[in-house]
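1. 3D model of this:
(chains A and B)
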Amino acid sequence: MKIKEVLGKISFTTTLAMMIFFVPAVGLAEKLPRLHGFMEHAGSARFGSDDVRHRQFNLGESRLQLKTDYYFSGDNILSDWQTGIEAKVDLTLDYYDAGKVLTDIRELNVSFTPMDIIDIKAGRQVLTWGTGDYLFLNDLFPKDYVSFFIGRDDEYLKKPNDALRVMMYPDWFNIDCALVPFFEPNTMPTGHRVSYFDTFTGGISGVNAERDIVEPSKTAKNFTYAGRIYRNFGSYETAMYYYGGFDPAPRSYKNEVGRQLYHERLDAYGGSVRGPFFGGIGNAEISYYYSPEDKDGNIRTIQNSMIKYLAGYEKDMGGDLTLAAQYYLEETLDYDNYRKALLPADYRWDEFRHVVTARITKLFANQTVRVSLFSFFSPNDLDAYLRPSLVRKVTDAWTLSVGANLPWGKDSWTEFGSVQKNKNVYVRLRYSF
Amino acid sequence: MILAVAFLNYSFAAEAITAVEIVGKANQASYYQAEDGKAEVRMVITDSLGRTRERVMVILRKDASEGDQQKYYVYFNKPSDVKGMTYLVWKKPGADDDRWMYLPALDLVRRIAAGDKRSSFVGSNFAYEDISGRGTEEDEHTLLGEEEGQYKIKSVPKNPGSVEFSYFLIWVDKVTFMPKKAELYDKSGNLYKILEALEIKEVQGFPTVTKMKATDLVSGGNTVSEFSNIEYDIGLDEKIFTERSLRRPPRKYIKG
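-> Have a look, this model is predicted:
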């Protein structure tokens, strides 16, 4: 009898508990957005004789990415405007920095459609446009080149911005505007994790690099504006671009004695076209970089204006093999003024910098294995950068990636020569959910 | 006299359907039902060891007001590492399709070189062409006969270098013109791939394949596709099939 009573009580309490907790929980779970993301362990071995914090590796981390979104429903204005909230956060346990835990909010934004032809997205978001493959002309949104060089996923090459993005879709063309109130710089090698050529020390430097980077102050006059107008003509996509802000990489000197670099003002105007070409996809892009602080190019400490040109081609060869190539040219304007302004001890950059890239991608085993090689080569700088990779989708959830970053250069002060001591081989194991 | 003419007409009508017409009608029945449509697709890819992978997506389709051109929009729900990825195809029979893919993590709209329509669709045993259709003019079609209420047709590619098969056989329902089965033969004449419509249901009056299977006899793998929540003539706006929707999926049609 007692047992029965107890059982009865248990079942009564259980039922009550279920009614109190479980039923609303189910209701809530249905209302709550689902959580997705991944857990990833990543590590690299490096072959360098430089002076970064750890010579043997430059990547060692366990990363948890959580993302969710929520769309309003029901009979209200938020639902009418198809309002949605997106959030994505990375929690990283970084063994490179003695087990420091880093929180990186990669997305936290609200998007809505207040009018038929207008989409608005406000908050932290990744912004991308342009036609280049790892070469960016009109996309002056921030990049993380440290992540790129040490073997993190491509996702981390793009840094998020806190931005207000307004996209308009009238009948004749589309308009895409972004206002970024607080300038976000590129993450560049500092010598802590990735060594680079430091003009102040005159060589490839690690933790001994001494430089102070001055960022634009957070004021309304330092807002960054970017815009794109684009439309298709049949199968051809055309676009015009504008950027008004600062050079995302600190390329100019504020105070040489104080070893201070800064982000000079930069305005960019460009255009691109992309579409079918000889059985593949061709693209061409141009961008004029105007340096308002050094209009005539005769201030030796500030970047000159430039024109950047890009032409690319990609073709599907059949059998899951894709080949792609790009040719890129950077022309420094007012080069004579720049040359005349130089002091005898200054490094002199070429007037023209040429870069060719090639990408070979082949899929195997029902597209569960992707083998890829991306290579950069500059014939005038005589430097190069190879990025081989192999990605195996073990199951729908598990992905194993191995790859290498192999920069090389005849000289140490060129783009890829500068990071040549950071050759590494990396492994990443990811569980997606 | 009148009777004779009528009889002649009758026999003409009954016999004169050519292989090309059958394949054309089968193509219409498979890929061009109604003006537009929506379906949720669940693909289960099984390899020779019995290991499975799953693809879940929503497909929206709209036909051009004239001709065979179509636009497709695909939103991926599973696997979770591609959730939110979107895909846009402007299908142009007789020419290269225009294809775009959007990677939300990078906010990147990629243009995809569309060369090989015989390559696998999302790693399944279906080729791109099996999903979006193969132009009827690309093969020479011969009516071999009739089997159990179905036309049996042999199709030989006009440009053999562009495909991996030497010919295929196709069985088409005489009443609905739905293709029931196809067998693909390799360059040595061996059967290597079978496509089957496992289930056909009527949706809003249109006979519709709701379950189909591709079996790869060489690798031993197969893919089963199930279509659910199918709707036709939902009045999809042409503007859905643009870069805008790649970035901002039309929530009205895409849940989850």
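
2. Neighbouring strands of the host helix or strand of residue B:212 in the sheet, and parallel or not?
-> For residue B:212, the enclosing helix or strand under DSSP states H and E is strand B:206-216. Strand B:206-216 has the following strand partners under DSSP bridges: strand B:191-203 (antiparallel), strand B:222-232 (antiparallel).

3. Out of those, which gets nearest to residue B:108?
-> With Cβ to Cβ as the criterion, residue B:108 lies closest to strand B:222-232 of the strands paired with strand B:206-216, at 27.9 Å. C-beta: built from backbone N, CA, C; applies to glycine.

4. okay, the strands paired with strand B:206-216 in JSON lines with mean neighbour count and mean pLDDT next?
-> Formatted as JSON lines, the strands paired with strand B:206-216 follow (neighbours: other Cβ atoms under 10 Å in any protein chain shown; pLDDT from 0 to 100):
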{"stretch": "strand B:191-203", "mean neighbour count": "16", "mean pLDDT": "96"}
{"stretch": "strand B:222-232", "mean neighbour count": "18", "mean pLDDT": "97"}
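
5. Residue A:219 is nearest to which of those?
-> Nearest to residue A:219, of all the strands paired with strand B:206-216, is strand B:222-232, at 52.3 Å by Cβ to Cβ.

6. Render the CA-only coordinates of that closest one in CSV, please.
-> What follows is strand B:222-232, C-alpha atoms only, in CSV (Å, rounded to 0.1, in the frame of the first residue of the first chain):
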residue,chain,number,x,y,z
ASN,B,222,22.3,5.2,-53.8
THR,B,223,20.3,8.3,-53.1
VAL,B,224,16.6,8.6,-52.2
SER,B,225,14.9,11.9,-52.6
GLU,B,226,11.6,12.7,-51.0
PHE,B,227,9.6,15.7,-51.8
SER,B,228,7.0,17.1,-49.4
ASN,B,229,4.9,20.2,-48.9
ILE,B,230,4.6,20.5,-52.6
GLU,B,231,2.6,23.5,-53.9
TYR,B,232,2.0,24.7,-57.4
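
7. Tell me the helix or strand right after that strand.
-> As assigned by DSSP H and E, the chain's next helix or strand after strand B:222-232 is helix B:243-247.

8. packing partners for that following helix?
-> Judged by 3 or more Cβ pairs under 8 Å, 6 or more residues apart in numbering or on different chains; DSSP states H and E, helix B:243-247 is in contact with strand B:86-91, strand B:98-103, strand B:108-112.

9. Of those strands, which stretch is the most buried?
-> Among the helices and strands packed on helix B:243-247, ranked by average contacts under mean count of other Cβ atoms under 10 Å in any protein chain shown, first place goes to strand B:86-91 (a mean of 22).

10. what's the residue in the stretch 51-200 of chain B that chain A sits nearest to sitting at in phi/psi?
-> Closest to chain A within the stretch 51-200 of chain B is residue B:115: 3.3 Å, counting by Cβ to the nearest Cβ. The phi and psi torsions at residue B:115 (degrees, to the nearest 10) take the values phi -100, psi -60.

11. quick one, what contacts the residue nearest to it when sequence neighbours are not counted?
-> The shortest distance from residue B:115 to any non-neighbouring residue, by Cβ to Cβ, 6 or more residues apart in numbering or on different chains, is to residue A:316 (3.3 Å). Neighbouring residues of residue A:316 by Cβ atoms under 8 Å, 6 or more residues apart in numbering or on different chains: A:280, A:322, B:112, B:113, B:114, B:115, B:116, B:119.

12. Next one, pLDDT for the fourth one please.
-> As predicted, residue B:113 sits at a pLDDT of 83.

13. pretty sure residue A:331 contacts residue A:354?
-> No - using Cβ atoms under 8 Å, residue A:331 is not in contact with residue A:354, being 10.0 Å away.

14. what does the stretch 51-200 of chain B put close to chain A?
-> Residues of the stretch 51-200 of chain B found near chain A (Cβ under 8 Å from any Cβ of the partner chain) are B:51, B:53-54, B:78-81, B:83, B:90, B:96, B:98, B:105-109, B:111-116, B:118-120, B:122-125.

15. What segments of the stretch 51-200 of chain B are helices?
-> Ranges of helices within the stretch 51-200 of chain B are B:128-132, based on DSSP state H, counting those that start in this stretch.

16. how near is residue B:203 to residue B:37?
-> As judged by Cβ to Cβ, to the nearest Å, residue B:203 and residue B:37 stand 9 Å apart.

17. meant to ask about residue B:177, not that
-> Applying Cβ to Cβ to residue B:177 and residue B:37 gives a distance of 17 Å.

18. These two: who's more crowded?
-> Higher neighbour count among residue B:177 and residue B:37: residue B:37, with 24 against 19, using other Cβ atoms under 10 Å in any protein chain shown.

19. in the sheet, who's paired with the residue of chain A found nearest chain B?
-> Nearest residue of chain A to chain B: residue A:316, at 3.3 Å (Cβ to the nearest Cβ). With DSSP bridges as the criterion, residue A:316 is bridged to residue A:322.

20. And it, what's its pLDDT?
-> Looking at residue A:316, its pLDDT reads 92.

21. Tell me which residues touch the nearest residue to residue A:341 once chain neighbours are set aside, please.
-> Nearest residue to residue A:341 in three dimensions, chain neighbours excluded: residue A:300, at 4.1 Å (Cβ to Cβ, 6+ apart). For residue A:300, the contact set (Cβ under 8 Å, 6+ apart) comprises A:338, A:341, A:342, A:343, A:346.

22. Equivalent analysis for residue A:265, please.
-> By Cβ under 8 Å, 6+ apart, the contact set of residue A:265 is A:245, A:246, A:247, A:291, A:292, A:293.
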